[in-house]
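1. This is a predicted model, with the sequence first.
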There are 2 protein chains.
Amino acid sequence: MQIQFDNEFGNNFDLSPIFKPKSMVVVGVSQQNYMNPGTTIFLKNFFEMDLGSNTFGVNPKGGFIESQKLYENIKSIPINPDISVIAIIPKLAVNAVKELIEKNTKGIIIISGGFAEAGKEGKKLQDEIKKLCIDANVPLIGPNCIGIYNPPYIDTIFLPTEKLILPRKGNVAIISQSGGIMLDQFFLSCYERNIGVSAGVSIGNKAVINEIHLLDYFAKDVDTNVIAFYIEGFEQLQGRKFLESSKKISKDIIIYQGGKTDIAKSAVQSHTASLASNFQIAKSAFKQFGIILPETEEEVGNYIKTYSVITKRKPAFNFKNYLEGNVVVLTVSGGHGVVCVDLLENYKLKIVKFETNEIEKLKNLVNETIQNIGSFNNPIDLTGSATDEDIIKILDFLFQLDKIDIIIAIVVPYPPAISIQIGRKISFIARHYNKPLICFVPYIEKYNLIREALELYNIPVAHTVSEAVQMAAAIRDKSRAILRLSYRQ
Amino acid sequence: MQIQFDNEFGNNFDLSPIFKPKSMVVVGVSQQNYMNPGTTIFLKNFFEMDLGSNTFGVNPKGGFIESQKLYENIKSIPINPDISVIAIIPKLAVNAVKELIEKNTKGIIIISGGFAEAGKEGKKLQDEIKKLCIDANVPLIGPNCIGIYNPPYIDTIFLPTEKLILPRKGNVAIISQSGGIMLDQFFLSCYERNIGVSAGVSIGNKAVINEIHLLDYFAKDVDTNVIAFYIEGFEQLQGRKFLESSKKISKDIIIYQGGKTDIAKSAVQSHTASLASNFQIAKSAFKQFGIILPETEEEVGNYIKTYSVITKRKPAFNFKNYLEGNVVVLTVSGGHGVVCVDLLENYKLKIVKFETNEIEKLKNLVNETIQNIGSFNNPIDLTGSATDEDIIKILDFLFQLDKIDIIIAIVVPYPPAISIQIGRKISFIARHYNKPLICFVPYIEKYNLIREALELYNIPVAHTVSEAVQMAAAIRDKSRAILRLSYRQ
């Protein structure tokens, strides 16, 4: 069967056996070198994943590792592997692929580098492998990647687990052209923000499996609500297909794009052999299809967090209400209010104006000290004299005001009369209203009790004022994305 | 003696006794209410500062607190206090100021709010107090502030210490119009970045003591190398005087400005009764005088950190060399290189281009695997196969290349062959060269050993790629600031 090399082969691969394999072969396991990538992958899946002794290693010299026999060649392995991981040099990889296909493997991950990204010769080997896999309808991830992280089923990250920072399980799928970006900018960022990850995939040179296949896979994955990509470049045709696929998906799709500037584009070429896309053109097309495009690493973290948290909310928010991005800021520190309003304007969010009667009402809700020294315009500044009760009463009022789309509550918990129960008190008010609330609570250990009480009720918590503003922007952007998408469908 | 209210009184106050007082009076200490601000300040200085039993409290009903007598009025206090803290309502404060001046206090801090920021009546009381202090040449900090944090001498933050996140001692002085911004955006940000603080001052309505007095004070303070301000507004005359003062100072001066947008400006008015300046006009004047103006909370943290760390470097850097901001990026993760170059262009830093012979030289320095799969343009990508030795050899070469001003080394420590000694190894190379190096090492507990080894040698360490880029911008900006200042002097 001859298949064209123009990526017209998409969507026919069954990726389930490679995300939840029952057996694994690792080609290239060293007995001696504990730093060897294949050895690390073998040991990880043998010891740390459910695969256990269904992990099989290949080493031309045979031998044993952890009492488990190493096979001298692929043929002699006693099973037909669900997933096969190749960690040997490119010129030996082609034959390994052939033999693994003969073994009826259900998928292959090539972690080795030195293929298309390294020049002409590598490109030739990659194309050979690509043809073999497509002809046999075997999904191939990589080469030049770290593969799949989906514990407790599979983990092909060839770096020692103790060297990594791994997020908890959750509802965000991460697909990254760069393994490093997945491990650091996504995993670390998720870890720090308490964002749960359903699975991570590093796709490297994406010879066969690309973003489109993974978008389709995670669209159907019941554990995933948010699908986040790091993309350095699309072939033009792939970009169009990606957009077509995205139309059918109601989950949040986030793309963080690297290689926007000219020099970065040439760095992309030597990194994963991709053609960095023209970002400006791509951007407007993506936006039209309701895809979210944060610009910075920080925005990526905050957007993912917002969607991860608020999609768990029951009853669900009615996002068509927040298109305008009308924000009110409640603070106990005047300076934070000032800084927040500056940032809201940068993000083109609107700052709700209160009528005189509303200001009077707000004032009458709080204790006498605050009536004298507080400020009841937007930002509402309750000052360091704020008590839990003042905050709750004001929030209750703000939730009911129709002209407000999003509330940012800057609950710096330093004032003496703010208690450690403030998180749960706020959650108990928020759940009565269909209006998003974002809280600012410093993300430090001694205030975890406040933060957790909020996040357990699906209220996103920001560590800085700019994080809070980016979260508000994320909600406004999601409303607009839903609207745009509804026009296209 | 009649003195005009136009701030022409500046620079004559001796602030030493209020930063290092030998005795303190707190007016407004409650025996019953543990949340009372005066009580908190009394107990803090009594228990936590060196002042101990030289802390005296005033309560009209007398009584005792912690076995220490409370005095019924100011007159009956048995000493002449160095510093007096007023924590009572505005209309009672005027008389307290009078009595404290009669007691020959060397300085007053009024933490109470409800003065000029609260309206006409408060403004009148504030003006009365201002006149009393200026006539008596007594420096007054506040009102509507949290005063001075300068342990182990004095701490007038009226919030319980256990509720705060306090940075270690170091060389950065912080002066903030907003107490909340000082405690959260500065102190927390310093704590997280391991930045040491020499002292913090929250100046609130700045009736008498303003930024200019504190600039002069910290210019002479031997413990301070970096002076960082949060400013919401200057009176025009003050702005000019500030710039004149700054010309004489060789320390780094950083201003973070709040109230840039229109709505934020009106929030400033109700917060500290200041006129928010026209930011664009102020900005160009400040820049001309070599003052550094980071735009965001994150930039503030990263700029302060950079200056705090590199000013400790011996022998000192020759900053006139880094005007161009020619940066090279060394990475072990290709994606990080791509993202870094995108950000460098955003900050208008230049990306050094290598000649063919330089690329050859770079390639010959590393192990064979990297020679095949690495990339030796800028960004230099050593890939996950990098060893300590590869990194050190490349750095040694880069330090010697004249066309490079600043090196960013993205040392994600996940690759198996990067050791825990990499920090100290890098430090030992860096100290031989007069060229700034910025390292990226995730700021997490298990990699503290690497980070500390770098920071002990005054190499700033970034937690994210954007932090690293902002640190490089900080160095370029400092070079330019020194140049600009040299033209004006």
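-> That came through fine.

2. Work out for me the element the spatially closest residue to A:Asp82 that is not a sequence neighbour sits within.
-> Distances taken as Cβ to Cβ, 6 or more residues apart in numbering or on different chains place A:Pro21 nearest to A:Asp82, at 3.6 Å, with adjacent residues excluded. Heads up, the C-betas are built off the backbone N, CA and C, glycines and all. With elements delineated by DSSP states H and E, A:Pro21 resides in a region that no helix or strand encompasses.

3. Chain B versus A:Pro21, what's the distance?
-> Distance check for A:Pro21 against chain B: by Cβ to the nearest Cβ, to the nearest Å, it reads 23 Å.

4. For that residue, which residues are in contact?
-> Residues counted as contacts of A:Pro21 (Cβ atoms under 8 Å, 6 or more residues apart in numbering or on different chains) are A:Leu51, A:Pro81, A:Asp82, A:Ile83, A:Lys106, A:Gly107, A:Tyr153, A:Ile154.

5. Contact partners for A:Val469?
-> A:Cys340, A:Leu343, A:Leu344, A:Asn346, A:Tyr347, A:Leu349, A:Ile408.

6. so which helix or strand takes in it?
-> A:Val469 belongs to helix A:465-488 when elements are defined using DSSP H and E.

7. buried sites along that helix?
-> When burial is assessed from 16 or more other Cβ atoms under 10 Å in any protein chain shown, helix A:465-488 yields the following buried residues: A:465-482, A:485.

8. So what's the residue count around A:Tyr153?
-> For A:Tyr153, the neighbour count with other Cβ atoms under 10 Å in any protein chain shown is 20.

9. Find the nearest non-adjacent residue to it, please.
-> Spatially, and ignoring its direct neighbours in sequence, A:Tyr153 is nearest to A:Lys20 (4.5 Å; Cβ to Cβ, 6+ apart).

10. and the gap between that neighbour and A:Lys163?
-> 25 Å (Cβ to Cβ, to the nearest Å).

11. try A:Ile404
-> From A:Ile404 over to A:Lys163 (counting by Cβ to Cβ), the distance is 46 Å.

12. try A:Glu455
-> Using Cβ to Cβ, which is the criterion applied here, A:Glu455 is 28 Å from A:Lys163.

13. Which one of these two is surrounded by more residues?
-> It is A:Glu455, of A:Glu455 and A:Lys163, that has more neighbours when counted by other Cβ under 10 Å, with 21 against 18.

14. Next up, the contacts around the more buried one.
-> A:Asn194, A:Val309, A:Val461.

15. okay, now the residue lying closest to A:Leu100 once chain neighbours are set aside: neighbour count?
-> With Cβ to Cβ, 6+ apart as the measure, A:Ser84 is the residue that lies nearest to A:Leu100, at 4.5 Å, once sequence neighbours are left out. When neighbours are defined as other Cβ under 10 Å, A:Ser84 has 31 of them.

16. thinking A:Ser84 is in contact with A:Ile109, fair?
-> Yes: in terms of Cβ atoms under 8 Å, A:Ser84 counts as a neighbour of A:Ile109; the distance is 7.3 Å.

17. Secondary structure of A:Ile253: a helix, I assume?
-> No: with DSSP: H, G, I helix; E, B strand; the rest coil as the criterion, A:Ile253 is assigned strand and is not in a helix.

18. Contact partners for it?
-> Applying Cβ under 8 Å, 6+ apart, the residues near A:Ile253 are A:Leu215, A:Ile227, A:Ala228, A:Phe229, A:Ser246, A:Gly290, A:Ile291, A:Ile292.
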